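J.: Whatever this is, show me its structure:
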Amino acid sequence: MSFQDPGRSSGPRRGNVNGKQDPTQAMASGIFQINTAVSTFQRLVNTLGTPKDTPELRDKLHKTRLHIGQLVKDTSAKLKQASETDH
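T.: Down below sits the predicted model:
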């Protein structure tokens, strides 16, 4: 797999089709969101045990963990949908 310059395209662009997101694009978006949330979670975990460790931080950690779990479920469903579309 290779990455292209953002302004260049060698084929049809994937995106919204009749108001619905292409399953492959939706899956890629979900993976990006998971990575972003995990990075946030890691940053919050690294704050544990420091002077910034507060009940609010721990609540945010809990909510972020739940959010990651939901993103994984949603992205897994999108992966299944994309897999079925490819077959």
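J.: CA only for contacts and neighbour counts going forward, please
T.: Fine.
J.: So residue 52 belongs to a helix, correct?
T.: No. Under DSSP: H, G, I helix; E, B strand; the rest coil, residue 52 sits outside any helix and is assigned coil.
J.: next one: phi and psi at it?
T.: Taking degrees, to the nearest 10, you get phi -80, psi 0 for the backbone angles of residue 52.
J.: Around it, how many other residues sit close by?
T.: 11 (other CA atoms under 10 Å).
J.: What distance do you get for it to residue 22?
T.: Per CA to CA, to the nearest Å, residue 52 is found 42 Å from residue 22.
J.: how about the most centrally placed residue in the chain, secondary structure?
T.: Centroid check for the chain by CA atoms, centre = their mean gives residue 33 as the closest residue, at 2.0 Å. For residue 33, the secondary structure call by three-state DSSP comes out as helix.
J.: these two touch, right, it and residue 71?
T.: Yes. If you go by CA atoms under 8 Å, residue 33 and residue 71 touch, sitting 7.4 Å apart.
J.: my guess is residue 59 is in a strand, correct?
T.: No. Applying three-state DSSP, one finds residue 59 to be helix, outside a strand.
J.: Correct me if wrong: residue 34 contacts residue 71.
T.: Yes. Under the criterion of CA under 8 Å, residue 34 makes contact with residue 71 at 6.2 Å.
J.: Walking through this protein, point out its strands one by one.
T.: Under the criterion DSSP state E, the chain contains strands at 16-17, 20-21.
J.: ranking those by mean pLDDT, which is last?
T.: When these are compared by mean pLDDT, strand 16-17 comes last with a mean of 53.
J.: residue contacts, the residue nearest to the centre of the chain?
T.: The contact partners of residue 33, by CA atoms under 8 Å, 6 or more residues apart in numbering, come to residue 71.
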